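[1] generate coordinates for the sequence data below:
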Amino acid sequence: MIRVRNLTVRYDSGFALQDVTLDIPTGQCVLVTGPSGCGKSTLARVLTGLIPHAISAQFEGAVHVAGMDVREHTIAELAQRVGAVFQNPSSQLFHLRVEDEVAFGPRNLGLSKDEVRERVSWALSATNLMGSMDRRPSELSGGEKQQVAIAAALAMRPRVLVLDEPFASLDMHGIRQVTATLQALRERHGVTIVLIEHRLVEGARLADRVLLMAEGRVIADGEPTAILSDQHLWRNLGLRRLMDYPTEPWRSLVIADSRHRGDLTALIEMRGVSAGYGGRRVIQDINLTLYPGEFVALVGDNGAGKSTLALVAAGLLKPLEGTICFNGGELKQPGLDISLLFQNPLDQLFTESVNEEVAFGPRNYGLFEPERHVQILAEADLVDLRSRRLMALSGGQQQRTAMAACLSLCPRLLMLDEPTIGQDWGHLQRLMDFLTTLSQKGTTILLITHDYKLVCRYAQRVIVMEEGKIALEGRFRRSEQEKTYAHVEAREAWG
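    Purely as a prediction, here's the structure:
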């Protein structure tokens, strides 16, 4: 089904893939993983025809997908057999209604109305979106947009499905739903699946085989358990340890504890805050207090209102009701006192290079310090990429650049909305450890994530959102397995 021979891809900034050769038979699910920037997304672009037809890159070798040579067939021709879901779902959504987005591909195939209706209904049900078919994609949460992109790909009934981090923005229910759908596609229709993921537990359950990449090459290829249990590989390449994560709702993982730090003045207070878009309320009656130096996790299912709450707190969305106090008064410098890392890094990257992007804010405010600038580049593992054009970076590298730009302003409150997208565990752990150091020095961190491991390892307090409201706050309930792994990781870190 997929045949790759001596594939080499080079951008202006250097090699992304080097002499890759592989075969993937019909109906097989292959998990592709490796450190951020190792070439995974470039491989996806080649398999879908974006390279060489839409993205400028030097291409050598031969690639055949579903019986078609990607050099000789157009993207439109390839799209009839190869479905794709990329890291940033917003880049492939353009309709005004979810239903129309999912129906677009089948309609363009000239299918009957009944066939289009049947495909759309099936794809929406498979991704738990039947209740959102009349909503505007632009108003959806990041996880919901991901589900729409997956549904649109499924509606085409592809023979090959290429998914670049489909689980990164999904809640546990969404992950189970998508995983079950992908499994059914393989078993009933023989669909070949290429799954690019850093969340290895979910991917390993579905995959027959793992391709491990590093520096543009395939360095290991085999059965999932054998490769992912190799301690030498995961330790040196920053892979996640294989362990089962809880499948219960967030509410059941948090021990209620409403005690606050009465010895400190609140950094930010939200009282009775409601907000939304186009007259539709997304968050309602929010009462939230964050204190200096706290490391807080904000969790909840897709569409619960987490990102909207962050936009309001950052001063980027005006509340419909309620009051917000920052350090006892009004927020006077939103970009300086509070920084927000968006889910899609391209929404906040606008200069020519990594170095310019990270230095822009401090220079604009007259706060640039060369030593701190270099420190932040180092903590984000961007020193060797500082001259690289932003559009030549991988998704994970773009995310780290956006985070470094937020950190460069030394904000008193730093909010991170799904920072795991595009990140291997090694880079993520390094950044989170740096953020922990900052919180110990007084910076308040608000982490918005679906990632159980991050919450368990770093959050001092957990706030659970459900249907636009704060349902619970307290301490995370660590499982015995997580305690064991934390002990093992600490022991290994000390040698």
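
[2] wait, isn't Ile275 in contact with Val282?
    I think there's a mix-up here, since residue 275 is Ala and not Ile. Yes: contact criterion C-beta atoms under 8 Å: Ala275 and Val282 qualify, at 6.5 Å. C-betas here are computed from N, CA, C, even on glycine.

[3] any shared contact partners between these two?
    Thr308 (C-beta atoms under 8 Å, 6 or more residues apart in numbering).

[4] SS state for the residue nearest to the spatial centre of the chain?
    For the chain, the residue sitting closest to the mean C-alpha position, by C-alpha atoms, centre = their mean, is Ile421 at 2.5 Å. Three-state call for Ile421 (DSSP: H, G, I helix; E, B strand; the rest coil): coil.

[5] surely it and Gln87 touch.
    Yes: counting by C-beta under 8 Å, Ile421 does reach Gln87; the two are 6.4 Å apart.

[6] what sits in contact with each of these two?
    Common neighbours of Ile421 and Gln87 (C-beta under 8 Å, 6+ apart) are Glu165, Ala168, Gly395.

[7] which of those sits closest to Glu321?
    If you rank the shared contacts of Ile421 and Gln87 by distance to Glu321 using C-beta to C-beta, Ala168 comes first, at 32.7 Å.

[8] number of residues surrounding the closest one?
    Residues lying near Ala168 (other C-beta atoms under 10 Å) number 24.

[9] one step back: just name the closest of the shared contacts of Ile421 and Gln87 to Arg45, please.
    Gly395 (11.4 Å).

[10] quick one: the strands in the stretch 51-200 of the chain?
    Ranges of strands in the stretch 51-200 of the chain, per DSSP state E, counting those that start in this stretch, are 58-65, 68-69, 82-85, 160-164, 192-196.

[11] include mean pLDDT, distance to Thr351 and mean neighbour count when you put these into a markdown table, please.
    Converted to a markdown table, the strands of the stretch 51-200 of the chain look like this (pLDDT from 0 to 100; distance: least, C-beta to C-beta, whole Å; neighbours: other C-beta atoms under 10 Å):
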| stretch | mean pLDDT | distance to Thr351 | mean neighbour count |
| --- | --- | --- | --- |
| strand 58-65 | 95 | 25 | 17 |
| strand 68-69 | 95 | 38 | 16 |
| strand 82-85 | 91 | 29 | 26 |
| strand 160-164 | 93 | 25 | 24 |
| strand 192-196 | 94 | 28 | 24 |
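
[12] save these as TSV, and put in distance to Leu182 too.
    Converted to TSV, the strands of the stretch 51-200 of the chain look like this (distance: least, C-beta to C-beta, whole Å):
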stretch	distance to Leu182
strand 58-65	18
strand 68-69	22
strand 82-85	11
strand 160-164	7
strand 192-196	6
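
[13] among the shared contacts of Ile421 and Gln87, which are in helices?
    Assignment to helices by DSSP state H places the following of these there: Gly395.

[14] of the shared contacts of Ile421 and Gln87, closest to Ala16?
    Distances from Ala16 to the shared contacts of Ile421 and Gln87, taken by C-beta to C-beta, are shortest for Gly395, at 12.6 Å.

[15] I'd like the distance from stretch 449-468 to the chain centre, please.
    15 Å (C-alpha atoms, centre = their mean, to the nearest Å).
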